[in-house]
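Participant: 3D model of this:
(one chain, ligands or ions: 2)
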Amino acid sequence: MEMKVFLWSLAAVLTLSSAVSSPVETPRERHIIHPLRQLSGSGGSPPSGVTCASWRFGVETNSVRGWTTVPRRCERYVGHYMLGDRYRQDSAAVTAEAAAYAEGLRLNGNGKDVWIFDIDETSLSNLPYYAHHGFGAEEYNSTTFNEWVNTGKAPALPESLKLYKKVLSLGVKVVFLTGRGEESREITSANLRRAGFEQWEKLLLRGEGDKRTALAYKSSERKKLRREGYRIVGNIGDQWSDILGKAQGGRTFKLPDPMYYLN
Ligand SMILES: *[C@@H]1O[C@H](CO)[C@@H](O)[C@H](O)[C@H]1NC(C)=O
Ligand SMILES: [Mg+2]
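Facilitator: Ligands and ions are numbered 1, 2, ... in the order given. Coordinates of the predicted model:
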């Protein structure tokens, strides 16, 4: 069900997308994402001689860090990666491990076991936005991005939604911890519910004027949770700054995201 919604959204995305120049089939075709081929990235990318596929490997392993935009010549590669099967497969590989780990947990059963979910590119997908505005090769534009956030129409990442349901079924509570600001609380709650994330123990957003790095902000929120008596059994995000730092949790899971890097 949620998978269908996601594919439909992506089909809609492809009709908007100028970044992906592959032949686009009829927008009504639900499997429209499948014909997209993963590119080899043979156009070269920084440093010279490194393919886009290798650049992405460096990014996902946090060897390539602190970058502000996707190298221009890798934008098409990243677009294909994100809209094709590979992103979904990589995400599924991560969430399957997370689900297996969750199943094997010995829980306290006192209602204080929590799993932390990041929101953007973890629980909710902003692919409709990026497909329209380019896959990370442009500087971040807070105006257009906030307009997108305020539509409240981000679809769920199907693999993460499945993991969310799994951990809830095991009796683990969910805490959403996001870099979105307090001003987005209402629309974010509405979007989460609309996408199928119907309950949570806490939804933690950045306070107004909080200029800390994501790493510092998220570490501090997790430490606060611990002081409140919660045990963080798992933690999943698409950024290294979601899962490094203090009070990381019993185990961390890194979802793919070659579109942007947050310190
Ligand atoms: C952000 O996008 C808006 C709307 O397209 C544009 O007017 C503005 O100049 C952009 N801002 C930056 C910093 O690029
Ligand atoms: Mg994120």
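
Participant: what's the pLDDT at whichever residue of the stretch 101-250 of the chain sits closest to ligand 1?
Facilitator: Using CB to the nearest ligand atom, the single residue of the stretch 101-250 of the chain nearest to ligand 1 is N141, 3.7 Å away. The C-beta positions use only the backbone N, C-alpha and C, and glycine is treated the same way. We have a pLDDT of 95 for N141.

Participant: just the one 3 residues further on next, same as before
Facilitator: T144 carries a pLDDT score of 97 in this model.

Participant: next one: E208
Facilitator: Looking at E208, the pLDDT reads 96.

Participant: before we move on, back to that, surely the residue of the stretch 101-250 of the chain closest to ligand 1 touches G134?
Facilitator: No - using CB atoms under 8 Å, N141 makes no contact with G134, being 9.9 Å away.

Participant: between those two, who's got more neighbours?
Facilitator: More neighbours surround G134 than the other of N141 and G134, with 21 against 12 (other CB atoms under 10 Å).

Participant: can you list the residues of the stretch 151-263 of the chain near ligand 2?
Facilitator: Residues of the stretch 151-263 of the chain lying near ligand 2 by CB under 5 Å from the ion: D238.

Participant: residue ranges of the helices in the stretch 151-263 of the chain, please?
Facilitator: For the stretch 151-263 of the chain, the helices defined by DSSP state H, counting those that start in this stretch cover 158-169, 185-195, 214-227, 240-243.

Participant: so which of these gets nearest D118?
Facilitator: helix 240-243 (4.6 Å; CB to CB).

Participant: neighbouring contacts of the closest one?
Facilitator: By CB atoms under 8 Å, 6 or more residues apart in numbering, the surrounding residues in contact with helix 240-243 are 62, 65, 118, 122, 177, 213-215, 218, 235-237, 249, 252-254, 262-263.
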